[in-house]
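Chemist: Sequence first, then the predicted structure:
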Amino acid sequence: MQLKREAGWYKDTIIYQVHVRTFFDSNGDGIGDFQGLAQKLDYLQDLGVDAIWLMPFFPSPLRDDGYDISDYRAVHPRYGTLEDFKSFLSVAHERGLSVIIELVANHTSDQHPWFQESRSSQQNPKRDWYVWSDTDTRYRGTRIIFLDTEMSNWAWDPISKSYYWHRFFSHQPDLNFDNPAVREEMWQVMKFWLDLGVDGFRLDAVPYLIEREGTNCENLPETHEIIRWLRKRVDDEFPGTMLLAEANQWPADLRPYFGNGDEFHMAFHFPLMPRMFMGLRLEDRKPITEILQQTPDIPSTCQWAIFLRNHDELTLEMVTDIERDYMYDIYATDKSMRLNLGIRRRLAPLLDNDRRRIELMTGMLMSLPGTPIIYYGDEIGMGDNIHLGDRNGVRTPMQWSGGSNGGFSTADPEILYSPLISNPLYGYQAVNVQSQKRFDHSLLSWMKQIIRVRRSTPVFGSGSIEFLYPANHRVLAYVRKLGKETVLVVNNLSSAAQAVELDLKQYKGNILIEMFGKNIFPRIGDLPYLLTMGPYQFYWFRLRRI
Amino acid sequence: MNMWDKIVSELMQVLHELQAGVAHYLPRVVVLLVIALVGWLIAYLAKVTVRSILHWTRFSKLSEHTGAAQLLNQAALPSSTELLSRFAFWVVWVGFVLLGVSILGIVGLEDYTARFFMFLPRLFAALVILFLGLLAASFFSRAALLAAVNSNFRSSQLASVSVRIAIIIFVLSMAFEVLGVAERTVMIAFGTAFGAVMFALAIAFGLGGQHLAREFLEERLAKKKPHVDENELSPL
Amino acid sequence: MAEEVLLNDEFLRQLMNVGEVDIVVGLPTYNNAKTIEPVVRAIQAGILKCFPRERVVIIGADGGSQDGTRDLVTGISIDDVWRASKVYALRTLPVVTTEYGHGPEHRLALRTILSAADLLRARACVVISPDSTTIEADWLQHLVQPIYKEDFDLVAPVYRRQKFAGLLMRNLLYPMTRAVYGSGIREPYASEFAISGRLATDFLGNEDWNGDGARSGPEIFVTIMAITGKYKVCQSFLGVKPAQDRSSDLVEAMRRTVGPLFSSLDGKFGYWSSVTSCQQVPAFGPQSEVTLEPLTVDLARIREMFVTGVGELDAVFKSVLTESTLADLRRIAALDLSSFRYPAEMWAKTVFEFAASYHKSVISRDHIVQALVPLYRGRALTFLLENQEASAEEVERSVESLCGEFERLKPYLLEVWGERK
């Protein structure tokens, strides 16, 4: 049964992204599972997050880390059973944690029974469930997403002697959403999980649902029709369910996915994320303010999902060539870090394990408009292993302790689903939950604190944003407002101390109360408000008229 | 007593008075001569000292700059260094002589002596004014000449000489005024001449050179860019 | 210290907001509203094209413009360039202007720019003339790259010119700088140049800033300081030389260039008196480029001005020149246009005698410079007559030959200089 939540609960939520496989192994087989995850829900509750987004856990050949699904209504045996999942869900709800699961609607694994049937013959009833063609020339001009591995969006099927359409790996044939049966089936899949009690879906690869000749086969009007249809069904039968769109597009192109509040509730703000990293290294707020200025208003019931890192590469699709080159040169000097127009590294290694920068970036994540998503392990500063192939380097086991297997599993290290990070800097002996729990000054403790402060006011989730543009371009400053609550956020993007004068005339008479230490700062007067800031320092001030 | 005795007695009295007079003035004259001699020696020393100082400060060069050297040369006068050192000599010696004369105690002469000494500073000031004036006249006349030549102004020499004369007249007037010589005459004459010249220039510039006047004012006050001669090549 | 007096609080505050930069681009402005916008846009385009990742600031040092120049400079946004050319700006490009005084003074403008470069710890400082109507986006790269890549300290420009433009440069400034200082910089007086942050800091610490030379011609002063201070100097080809109204006033041009050049000889005697040969200055791009489009010049008028000058300034020349040189001048003044020649050797001697007289201050130094003007006209006339039909190579050979004369007669300069220091 779904957790009882107020309408719009997702706007004031902090989401924790995790793959069940990576979190905790309860049965010693070297792979994380739902029972293990359930055991660790205390940790998440203690951290302060209030929603979990689970990466795909359906049965799958696992050639794309679970995004190639072979059964939509089950749990992969490696991770447990459906009962395990139900049990986990129940425990999560007891702790007030909503659960959001992945729904890879655009495509399935080529091992899915539907595809097996579809390819078997041209007359098969499920033939039309996928997009077939006698030639590979249709939909010319459509970009290839996995550039490093795929040469074409068409793959030849030797069994049915024709081509099938795939926007991702060739073993992930696209479903044909023009077929009403496919749509209805997908709704039934959603209903299955909603009946079990999940609180939301992250719909993977939504821009690509529909193809049309003469277009780029992305973001087509028909796609939005399908989404509206699904949304209506969800609202009618399971109100309060949240739908989150994964659409790697420019903000203006993302806007339609919110519709008039009748499509997705949330969508990832992909273009913001690389610009935060860029602004940090440039020591210039320009990339961040520009993209947010270009971000259109969305319906009041909708929300952006913002993040620093996730399970995929740090995507550089939505940046200009100059920006991409810059990001590569700065953040991925080793070419093996680069994958598919992105950088496959975790948060801490990207920031050179610099605690101040990690805090600053997290501070911006928590204070910019949107619902923040924390990628598992980033709260303790986990490292990565770029030599693990594809994006597996950022999907290593969670590091719980300095003991055997990092406390992740009792199995032999050789059978772990992935080697642990074990170098002296990021290895589980140095970076783990157990040791960080002990100290108030650890990154984990600090994360808990900032989450606590963020949750102390709804202004970050639901408030408006107004950028201040102080003359010092190394400082990113903005005001968040919701009703009578006003919060001033000031971020020093520079590695050197900075002085900044803020024009706060319109808030004259207010005193500033720094939100972490709750100390009083001078009253705002007629003159520009002078702040001096240490390297990478940030302030959150609550304004108070007293 | 008969007439002859009276005459002898008067003669004796006059001789006696004469004796007394000589006895009174002779020592003073001797002192005067001594003072004059000493004064001569000191004046000579002063002359040598002034000459050395002027040599050391290269006064002759400065004098050349002002054009004074040329002027003196043309007037067949000695060089300015020599002139000044001789002047110093005469001033000092005359001073001593007058000092000696004052010892004679001749009433009226003392008054002139005092006046002489009071006149000296004004003489010195007038000389300084004249010297500086010659310096300025030389500088500005050369400046006018150069500006006129480089602007391709036809009457550059005329302009240069006019400037020099104007300044010299002005300076001479000042010098005479300081000396107190024919003050009123000089002032009126100078005022009349100066006013006439200015009036003539105003008419020439304002009426005859209207266009030029407008251009000049526009360039100076309206910050208009100066007219670029199309025939001029860009030198840089 | 003069530096504290120079930078006003408002400017300091703006610099504080800019922070550390890699490149400072300085614009010494005064009533340049007509030309400033395209210049700033070209600079912005150059930054976007050639230095998109560098931290750059544009500093406008204004002498009290009344035509809104300052507002024009700050009003041009980098985003306009993006809108026009779709070249994206990675960074904020701050534009800062300040008024350094009432009335234009190049020395103070340059000092303001160098002070900003010093305070902001810039690697390179580029000065661009606000009148540079022919500036292109690449100029910035040509000026800055040698500092960035090759660690040079001064980058002087090389321009493409009509063969008869810049005669003062080619007949006096270049040959004399080359002969006296042993440096082959083609444009020792330039309104566009670049210096390293290191050199900028050293300039500011130099006492000579307050001397006559720096006051009247800071640009040539900068070049001479770089040459004599053993800094790494090079030159870089830019493009077409912008036309500059101001310097068509020949007297003013000579005051700004010849005066400071002569003035520099006093303080640098120890250096130049021991220089015996010319060091090649590394060049990026061609050393000189000359275009041959026709130009109409009134040669007779130039001769007339020379003759008038020789005649009217005889008394002045007597103080400056030797008897023999003066006699030669009188002889040349008597020549008609067809046979008019002011030979290179004589010209070199003339210039050297003027330099020596300047040193001895035989008359007011400014008057000495002014007196040289008609004689320069004579030399320019000779150059025009000799090269009327000349090709670009022939013009270059002519200039080289003149330089050779200057170098050969350097001992003569030492001789007339008088007392050795």
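Modeler: Everything's here; your move. Numbers count the residues shown, from 1 in each chain, chains lettered A, B, ... in the order given.
Chemist: secondary structure class for the closest residue to chain B within the stretch 251-400 of chain C?
Modeler: Distances between the stretch 251-400 of chain C and chain B by CB to the nearest CB are smallest at residue C:370, namely 4.1 Å. Every C-beta, even on glycine, is put in place using the N, C-alpha and C of the backbone. Classification of residue C:370 by DSSP: H, G, I helix; E, B strand; the rest coil places it in helix.
Chemist: domains in the chain, as residue ranges please.
Modeler: Using chain A here. As given by automatic domain parsing, the domain ranges for chain A are A:9-107+A:179-455, A:113-165, A:463-544.
Chemist: that's the other chain; I wanted chain C
Modeler: Domain assignment for chain C, taken from automatic domain parsing, gives C:2-289, C:299-417.
Chemist: which residues of chain B fall in helices?
Modeler: With helices called from DSSP state H, chain B shows them at B:3-56, B:59-66, B:68-74, B:80-103, B:109-150, B:156-179, B:183-203, B:210-221.
Chemist: looking at those helices, which is closest to residue C:158?
Modeler: helix B:109-150 (29.7 Å; CB to CB).
Chemist: any idea of the mean pLDDT for the closest one?
Modeler: Averaging pLDDT along helix B:109-150 gives 84.
Chemist: OK, contacts around the nearest residue to residue A:306 once chain neighbours are set aside?
Modeler: Closest residue to residue A:306 apart from its sequence neighbours, by CB to CB, 6 or more residues apart in numbering or on different chains: residue A:370 at 3.7 Å. The contact partners of residue A:370, taken as CB atoms under 8 Å, 6 or more residues apart in numbering or on different chains, are A:269, A:303, A:304, A:305, A:306.
Chemist: what bridges to the second one?
Modeler: Think residue A:303. residue A:266 (DSSP bridges).
Chemist: so who does it touch?
Modeler: Applying CB under 8 Å, 6+ apart, we find residue A:303 in contact with A:8, A:10, A:11, A:265, A:266, A:370, A:371, A:461.
Chemist: quick one: the second one and residue A:240 touch, right?
Modeler: No: between residue A:10 and residue A:240 there is no contact under CB atoms under 8 Å: 9.4 Å.
Chemist: If you count surrounding residues, which of these two has more?
Modeler: A side-by-side neighbour count of residue A:10 and residue A:240, using other CB atoms under 10 Å in any protein chain shown, places residue A:10 first with 27 against 19.
Chemist: mind listing what that one touches?
Modeler: Taking CB under 8 Å, 6+ apart, we find residue A:10 in contact with A:51, A:200, A:242, A:244, A:265, A:266, A:303, A:371.
Chemist: One more pass at 7 Å, please.
Modeler: Contacts here follow CB atoms under 7 Å, 6 or more residues apart in numbering or on different chains; on that basis residue A:10 touches A:242, A:265, A:266, A:303, A:371.
Chemist: Now look at the helix or strand containing residue C:327 and say if it contacts chain B.
Modeler: Taking DSSP states H and E as the definition, one finds residue C:327 inside helix C:323-333. No: Helix C:323-333 stays clear of chain B (CB under 7 Å from any CB of the partner chain), getting no nearer than 13.0 Å.
Chemist: Just the CA atoms of that helix, as CSV, please.
Modeler: The C-alpha trace of helix C:323-333 is given here as CSV (Å, rounded to 0.1, in the frame of the first residue of the first chain):
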residue,chain,number,x,y,z
GLU,C,323,78.4,75.0,-39.3
SER,C,324,79.0,72.4,-41.9
THR,C,325,75.6,70.7,-41.5
LEU,C,326,73.9,74.1,-41.6
ALA,C,327,75.7,75.0,-44.7
ASP,C,328,74.7,71.7,-46.3
LEU,C,329,71.1,72.4,-45.4
ARG,C,330,71.2,75.8,-47.0
ARG,C,331,72.7,74.2,-50.1
ILE,C,332,69.8,71.6,-50.2
ALA,C,333,67.2,74.3,-49.7
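Chemist: Can you tell me which residue of chain C sits closest to chain B?
Modeler: For chain C, the residue closest to chain B is residue C:168, as judged by CB to the nearest CB, at 3.6 Å.
Chemist: The stretch 151-300 of chain A too?
Modeler: Here the residue of the stretch 151-300 of chain A nearest chain B is residue A:286; by CB to the nearest CB that distance is 38.0 Å.
Chemist: Many thanks, have a good one.
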